[in-house]
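A.B. asks: Need a 3D model of the sequence below.
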Amino acid sequence: MEHAFERMLNEVHHYEGTINQFLGDGIMALFGAPIAHEDHPVRAVRAALDIQRTLAVYHQQLHAERNIDFRVRMGLNTGPVVVGKIGDNLRMDYTSVGDTTNLASRLQALAEPGQIWVGETTAKAVELYFHLQPLGDIAVKGKVESVRPYRVEGSRGVHGRLEAVMEHGLTPLVGRERELALLKDRFAEAQASRGQVIFVQGEAGVGKSRLLLEFRRHAEASEVRWLTGRCVSYGRHIAYLPMLDVVRELTGIEEADDVATLLTKIETRVRQIGSHLSWTVPFIRTLLSLDPGDDEVATMVPIQQRGRIAEVLSVLLTAISQAQPVVLFIEDLHWIDSHSEEIIHLLLENIAAAPVLVLLTHRPGYEPPWV
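C.D. replies: Residues are numbered from 1 along each chain as shown. Reported below is the predicted structural model:
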C-alpha cells in the first residue's frame, strides 16, 4: 500500500492537486483548492488516468512477484464545496464537505475495479478532452433523484480547448484584420530568409489561439513546416515540456510507440534532415528520457547536457528551414519551464538569416527574458 500511495501521490502532485485524506486502502484528492486552477476538472481526470496507468504496471509487478491482484477504482465529481481547516492544534486537516464530495465517494463505490467514473457535471467540463461512456440513470444512496455518471475511457489527445472545439466547426473570424495582416507580412519576411519573432500577448479568452489558427491556414498554403510546443499550467517544473512536443512532431513519434519504434523513428528522421547531423541523435534520445547510446553523453554533467540539447534543437530547426520555411509556435509562455526558455533564447540568436518565424503567446504579467 505504501508503494501504491507513493505512485498516486506523484500523479496527484504532478497536476498540482492536494491529498487531503488517506483512507487506509485509498486516498481523497482535491483539485481547485487550496490551489485554484481554471482547468481543475481536466487536471483531475488526467491525474486519474495517470494513476490508472502507473498502477497497472504496479499490478503486473505484484502479480509476478507475489501473485496479488491489485486493482483500484476511482470516482470524481465537480461542484461547490465548503473547504477549510478542521481540527485543533494537535490534529489539523484541510478538507472539503458537501454533496459534491459525497457523490464522488458514491461513484467510486459503484465503479468496477480498474474503472474511473465521473459525475455529470465533471463530464460536461471535460468531454472535449476525454472519451466518456455514458452509463445511464443510476440510483445512488442518499440522493432522491438518480444520477447520470460516465466512465472515462481515455484521453482524446487534444491539448487546447480551441483544438477540441474545431471538431464541431468554428464560426467565421470577425475583425483582427490588422493583426492578421501583420502576421502575414512578417511571414513574408521570414520566407525571404529574414528570421522573425512575434509575441502575441492577451488575457485568457481574448482570442490568441483563434487568431493564430487563421494565420496557420494562410501559412500552410505556402508549404510551411509548422511546429507547435505547448506550455501547460502544471508544467513549469517539467523540463523541456514544449520542446518535447516539437521533437515528437519532428520525428513523427506517437504516444503508443514502444522503445524500439522510438529509436528507429529518431534515427530515420535525423538522417532525412541531414546525414551530417547523426551526432544529434544521442541528445534527442536523452531529451526523450531514453538511453542515449553514447557513454560520453550519458556521463555529461547536467548543465553541459542542457547546453548541448539546446544547441541540437537550434541546429535541427535551422537545418529543416533550408528545405522549407519553418513556423515555431510556442503557446502560453507564462507557464514555460526554465530549460525551454534557454532553448528559445539560443534559437532566437540563430535565426536572423534563416527562413524561420517564431510565434510566442503569453498573458499579461509574463516578461520574456529575450526581448
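A.B. asks: in the stretch 201-350 of the chain, which spans are helices?
C.D. replies: Listed in chain order, the helices of the stretch 201-350 of the chain (DSSP state H, counting those that start in this stretch) span 208-220, 241-251, 259-273, 281-287, 295-298, 302-321, 338-349.
A.B. asks: can you redo these as CSV with distance to Glu331?
C.D. replies: Just so you know, the C-beta spots here come from the backbone N, C-alpha and C atoms, and that holds for glycine as well. Converted to CSV, the helices of the stretch 201-350 of the chain look like this (distance: least, C-beta to C-beta, whole Å):
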stretch, distance to Glu331
helix 208-220, 7
helix 241-251, 8
helix 259-273, 23
helix 281-287, 19
helix 295-298, 30
helix 302-321, 17
helix 338-349, 12
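A.B. asks: Save those helices as a markdown table, and put in distance to Gly136 and mean neighbour count too.
C.D. replies: Shown next, in a markdown table, are the helices of the stretch 201-350 of the chain (distance: least, C-beta to C-beta, whole Å; neighbours: other C-beta atoms under 10 Å):
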| stretch | distance to Gly136 | mean neighbour count |
| --- | --- | --- |
| helix 208-220 | 35 | 18 |
| helix 241-251 | 38 | 20 |
| helix 259-273 | 39 | 15 |
| helix 281-287 | 46 | 21 |
| helix 295-298 | 54 | 12 |
| helix 302-321 | 49 | 18 |
| helix 338-349 | 45 | 19 |
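A.B. asks: In TSV: those helices, plus mean pLDDT and distance to Tyr94.
C.D. replies: Putting these into TSV (pLDDT from 0 to 100; distance: least, C-beta to C-beta, whole Å) gives the following:
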stretch	mean pLDDT	distance to Tyr94
helix 208-220	86	35
helix 241-251	89	29
helix 259-273	90	41
helix 281-287	90	37
helix 295-298	88	43
helix 302-321	88	35
helix 338-349	88	30
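A.B. asks: Between the ones you listed, which one is closest to Ile51.
C.D. replies: helix 241-251 (20.0 Å; C-beta to C-beta).
A.B. asks: Pull out the buried residues from whichever strand or helix holds Leu62.
C.D. replies: Per DSSP states H and E: Leu62 is located in helix 40-66. The neighbour-count check on helix 40-66 (16 or more other C-beta atoms under 10 Å) flags 40-52, 54-55, 58-59, 62 as buried.
A.B. asks: repeat for stretch 319-329
C.D. replies: Here stretch 319-329 shows 319-321, 325-329 as buried, counting by 16+ other C-beta under 10 Å.
A.B. asks: which regions of the stretch 101-250 of the chain sit below the pLDDT cut-off?
C.D. replies: 157-170 (pLDDT under 70).
A.B. asks: In it, what residue spans correspond to strands?
C.D. replies: 116-118, 130-134, 150-155, 196-201, 225-230 (DSSP state E, counting those that start in this stretch).
A.B. asks: which residue packs closest to Leu182, ignoring adjacent ones?
C.D. replies: Ile198 (7.8 Å; C-beta to C-beta, 6 or more residues apart in numbering).
A.B. asks: shouldn't that neighbour be in contact with Val356?
C.D. replies: No. Between Ile198 and Val356 there is no contact under C-beta atoms under 8 Å: 11.7 Å.
A.B. asks: Have a look at those two and say which one is more surrounded.
C.D. replies: Neighbours per residue (other C-beta atoms under 10 Å) separate Ile198 from Val356, with Val356 holding more: 25 against 19.
A.B. asks: and the gap between the more buried one and His59?
C.D. replies: Val356 sits at a distance of 47 Å from His59 (criterion: C-beta to C-beta, to the nearest Å).
A.B. asks: cool, and Gly175?
C.D. replies: In terms of C-beta to C-beta, Gly175 sits 54 Å off from His59.
A.B. asks: do Ser278 as well
C.D. replies: Note on Ser278: its distance to His59, by C-beta to C-beta, is 40 Å.
A.B. asks: Pull the contacting residues for the closest residue to Tyr240 other than its chain neighbours.
C.D. replies: Leaving aside its sequence neighbours, Tyr240 sits nearest to His339 (C-beta to C-beta, 6+ apart; 5.2 Å). Contact analysis of His339 by C-beta atoms under 8 Å, 6 or more residues apart in numbering lists 239-240, 243, 306.
A.B. asks: what's the closest of those residues to Leu211?
C.D. replies: When the contacts of His339 are compared against Leu211 (criterion: C-beta to C-beta), the nearest one is Met243, at 23.5 Å.
A.B. asks: What sits closest to the closest one if chain neighbours are left out?
C.D. replies: That would be Ser340: by C-beta to C-beta, 6+ apart, it lies 5.3 Å from Met243.
A.B. asks: ok, that neighbour to Arg248 distance?
C.D. replies: 14 Å.
A.B. asks: again with Ala221
C.D. replies: Distance from Ala221 to Arg248, by C-beta to C-beta: 24 Å.
A.B. asks: Alright, I will stop here.
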